[in-house]
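S.K.: below are the sequence and a predicted model; questions follow.
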Amino acid sequence: MKHILLVCNAGMSTSMLVKKMQKEAEASKIDVSIEAKPLSEAKKDLANYDCILLGPQIRYELKNVKAMANGLPVDAISMQDYGMMNGKKVLKTALKMMGE
């Protein structure tokens, strides 16, 4: 099972995106765990994930999170995919980042 982390400021809209991604993963029979955490909490356990995606509202932290992630794939979710809550596209992006 792969573990995906979405990092955000507070977590409200990101939690909605997580649900859409989980629904897509279930429909596609993809074995994946997806969580959303605020940046302050996420920093504590980045190593527990296979892929880390930042919400566009904290894209400015991308360089710092990459430095803390010890080589794990890290990127920011596109503003368009986030705004449209496109769970399918964000899941596809995460899987691609993990080499799936």
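M.R.: Thanks, I have it.
S.K.: strands of this protein, start to end?
M.R.: 2-8, 32-38, 51-54, 74-76 (DSSP state E).
S.K.: highest mean neighbour count out of these?
M.R.: strand 51-54 (a mean of 26; mean count of other CB atoms under 10 Å). In this view, the C-beta of every residue, glycine as well, is placed from N, C-alpha and C.
S.K.: now render the strands of the chain as TSV, adding distance to residue 97.
M.R.: Shown next, in TSV, are the strands of the chain (distance: least, CB to CB, whole Å):
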stretch	distance to residue 97
strand 2-8	9
strand 32-38	12
strand 51-54	5
strand 74-76	6
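S.K.: same list, these, but as TSV with distance to residue 94 and mean pLDDT please.
M.R.: Output for these, formatted as TSV (distance: least, CB to CB, whole Å; pLDDT from 0 to 100):
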stretch	distance to residue 94	mean pLDDT
strand 2-8	5	95
strand 32-38	8	95
strand 51-54	5	97
strand 74-76	9	97
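S.K.: longest single helix anywhere in this structure?
M.R.: helix 12-27 (DSSP state H).
S.K.: list the buried ones in stretch 93-100?
M.R.: Neighbour-count burial for stretch 93-100, counted by 16 or more other CB atoms under 10 Å, picks out 93-95, 97-98.
S.K.: kindly report the same for stretch 36-49.
M.R.: Buried residues in stretch 36-49, counted by 16+ other CB under 10 Å: 36-37, 39, 42, 46, 49.
S.K.: could you do stretch 59-74 as well?
M.R.: 61, 65-66, 69, 72-74.
S.K.: report the beta-bridge partners for residue 34.
M.R.: Per DSSP bridges, the residues bridged to residue 34 are residue 4.
S.K.: so which elements touch the one helix or strand in the chain whose mean pLDDT sits lowest?
M.R.: Lowest mean confidence among the helices and strands of the chain (mean pLDDT, DSSP states H and E): helix 39-42, at a mean of 90. Applying 3 or more CB pairs under 8 Å, 6 or more residues apart in numbering; DSSP states H and E, we find helix 39-42 packed against strand 2-8.
S.K.: quick one: residues in contact with the strand it packs on.
M.R.: For strand 2-8, contacts defined as CB atoms under 8 Å, 6 or more residues apart in numbering pick out 14, 17-18, 21, 31-39, 42, 46, 48-55, 57-58, 61, 65, 77, 91, 94-95, 98, 100.
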